[in-house]
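Need coordinates for the below:
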Amino acid sequence: MEKISRTKIVDLLKREDFGAMVNVKGWVRTRRGSKQVNFIALNDGSTINNVQVVVDLGNFDEEMLKLITTGACLSVNGVMVESVGSGQKVEVQAQEIEVLGACDNTYPLQKKGHSLEFLREIAHLRPRTNTFGAVFRIRHHMAMAIHNFFHERGFVYFHTPIITGSDCEGAGQMFQVTTMNLYDLKKDENGSIVYDSDFFAKQASLTVSGQLEGELAATALGAIYTFGPTFRAENSNTPRHLAEFWMIEPEVAFNDIVDNMDLAEDFIKYCVQWALNHCMDDIKFLNDMFDKELIERLQSVLKEDFVRLPYTDGIKILEKAVLDGHQFEFPVYWGVDLASEHERYLVEHHFKCPVILTDYPKEIKAFYMKQNEDGKTVRAMDVLFPKIGEIIGGSEREADYDKLATRIQEMEIPMKDMWWYLDTRRFGTCPHAGFGLGFERLLLFVTGMANIRDVIPFPRTPRNAEF
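Okay, here's the model as predicted:
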């Protein structure tokens, strides 16, 4: 086969120099046609769109043609011509075809539609479908948007440890990291495990959040963000929870809760705008196939200012809804940690736009949040979104050493894990604030997918660590 440098399909479809010789490589989506002419839809992952390869059967070897089946990988040299069919303006008239990789009829992605549940069972092949090609291209673009947003604003991308000795959330649901022989654990006279021979000589876990270390960095570098994997060993089989997911956590010295809310709103709007600017082909496909209101919902988030509402007022709205006959699965009262049905009621029914809920009861929030003067609430903020519920959680942090130390004792967090964190309040403390955005929750919103397992390539959930 003559050597012509390859053109990606995404670039080919924009060209207008008809008559040029081109080379395209990719995987066969479909093949159809008559006894004289076949039409092959070829896709190389660079775009949701296929290029049509027109094959005059008389010019090609019959044995080679038999190998061109759905899923086969081809290299095609041909003439780029204007397409007469509808759909796109470019097609390739094949002159030479090389089958780089044949694909037999056991290939599970044949022409018929497949359920998302089935595709999760073949997560190693699902990126080859239109749906997951679209989702993973959007995932890439959202990562770019995030780095661009913070870089343009002078934030430092800061890497916090994945293996850690501290439990940031105080929730205790952490994966342990050890090199010890689990069949023969050394224990002391009280039956407690002795970690002397372990790699770190102490109990270590996978991180649930980089926030505490991020605070250390913000009190030196001014404004930082983390963007990395986090792990929660909670036995949640919901469509909104993963055991391994990615988190973005900005932390900014001298910001208060209002600055924090402004940053969160600017950030999320920037990401949504980026998606509409850079991923429209993929978003339009997902809109048409899965969620007819997706584009409209993305555009509506950009139009409105987010409502900012104290938790106490939110509870009053929900209590009134109950009195008016709205039925919630979970009870509503002051002090309750809101369920996603409560969050979605506020966003989708009451305000019909995103809501930032502030000033939560301190009992249901983490130890590091700044306490309000009322002694009952903290300067927390959760950004609530349509279809998702909470997409961002954050707060102004407690900058006062004594208040923070007292709260750590009240919540019975071992001081041996916290001395370094408290040092930031001993040595030149400052007001600071930050938040965490679950990357996959953002992707759920931007793609319109209904299950968080469908926006990460290889989902890790209870009893599932395949591939």
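
Kindly provide the distance from Gly325 to Leu116.
When distance is defined by Cβ to Cβ, to the nearest Å, Gly325 is 35 Å away from Leu116. Bear in mind the C-beta positions are built from the backbone N, C-alpha and C, glycine included.

oh, I was asking about Met280
Counting by Cβ to Cβ, the gap from Met280 to Leu116 is 23 Å.

the more surrounded of these two?
Leu116 (16 against 12; other Cβ atoms under 10 Å).

Not counting its neighbours along the chain, what's nearest the more buried one?
Asp454 (5.7 Å; Cβ to Cβ, 6 or more residues apart in numbering).

and what of Thr178?
For Thr178, the closest residue by Cβ to Cβ, 6+ apart turns out to be Asp198, at 5.6 Å.

so who does that neighbour touch?
Thr178, Thr179, Met180, Ala204 (Cβ atoms under 8 Å, 6 or more residues apart in numbering).

pLDDT score for it?
Here the pLDDT value assigned to Asp198 is 93.

what helix or strand is it on?
Using DSSP states H and E, Asp198 is not contained in any helix or strand.

Likewise for Trp27?
Assigned by DSSP H and E, Trp27 belongs to strand 21-33.

for Leu100, same thing?
Going by DSSP H and E, Leu100 is part of strand 90-101.

Which elements pack onto the helix or strand that that strand is followed by?
Downstream of strand 90-101, the first helix or strand assigned by DSSP H and E is helix 116-121. Here helix 116-121 touches helix 130-152, going by 3 or more Cβ pairs under 8 Å, 6 or more residues apart in numbering; DSSP states H and E.

buried residues in the helix it packs on?
130-139, 141-143, 145-146, 149-150 (16 or more other Cβ atoms under 10 Å).

Distance from that helix to the middle of the chain?
9 Å (Cα atoms, centre = their mean, to the nearest Å).

which residues sit against the helix or strand just after the strand holding Trp27?
The C-terminal neighbour of strand 21-33 among helices and strands, as given by DSSP H and E, is strand 37-43. Here strand 37-43 makes contact (Cβ under 8 Å, 6+ apart) with 9, 24, 26-33, 49-57, 65, 68, 74, 76, 94, 133.

Buried ones from those, can you make that a PyMOL selection?
A single PyMOL command selects the buried members of those (16+ other Cβ under 10 Å):
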select buried, resi 9+24+26+27+28+29+31+49+50+51+52+53+54+55+68+74+76+94+133
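
Which other helices and strands does the strand or helix carrying Ala220 contact?
Element membership for Ala220 (DSSP H and E) is helix 211-221. Applying 3+ Cβ pairs under 8 Å, 6+ apart, one finds that helix 211-221 makes contact with strand 223-231, strand 244-253, helix 419-426, strand 432-438.

Next, the angle strand 223-231 makes with the last one.
With axes from the mean of the first three to the mean of the last three Cα atoms, to 10 degrees defining the directions, strand 432-438 sits at 40 degrees from strand 223-231.

Which stretches in the stretch 301-450 of the chain count as strands?
307-310, 355-361, 377-385, 389-396, 432-438 (DSSP state E, counting those that start in this stretch).

can you redo those as CSV with mean neighbour count and distance to Glu2?
Putting the strands of the stretch 301-450 of the chain into CSV (neighbours: other Cβ atoms under 10 Å; distance: least, Cβ to Cβ, whole Å) gives the following:
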stretch, mean neighbour count, distance to Glu2
strand 307-310, 16, 62
strand 355-361, 23, 60
strand 377-385, 24, 53
strand 389-396, 22, 52
strand 432-438, 24, 50
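
Nearest to Cys103 among the ones you listed would be which one?
Cys103 lies closest to strand 432-438 among the strands of the stretch 301-450 of the chain, at 36.5 Å (Cβ to Cβ).

what are the pairing partners of the closest one, and which direction each?
strand 244-253 (antiparallel), strand 389-396 (antiparallel) (DSSP bridges).

I'd like the distance from the shortest one to the chain centre, please.
Between the centre of strand 389-396 and the centre of its host chain there is 15 Å, according to Cα atoms, centre = their mean.

Mind exporting the C-alpha coordinates of it to PDB?
What follows is strand 389-396, C-alpha atoms only, in PDB (Å, rounded to 0.1, in the frame of the first residue of the first chain):
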ATOM      1  CA  GLY A 389     -28.300  17.500  43.700                       C
ATOM      2  CA  GLU A 390     -25.100  18.400  45.300                       C
ATOM      3  CA  ILE A 391     -22.300  19.000  42.800                       C
ATOM      4  CA  ILE A 392     -19.900  21.100  45.000                       C
ATOM      5  CA  GLY A 393     -19.300  21.200  48.700                       C
ATOM      6  CA  GLY A 394     -17.100  23.700  50.500                       C
ATOM      7  CA  SER A 395     -16.700  26.200  53.300                       C
ATOM      8  CA  GLU A 396     -14.700  29.000  54.800                       C
END
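
Pull the residues that contact it.
Counting by Cβ under 8 Å, 6+ apart, 240, 255-257, 260, 264, 268, 340, 343-344, 347, 365-366, 368-370, 378-385, 431-438, 441-442, 445 sit against strand 389-396.
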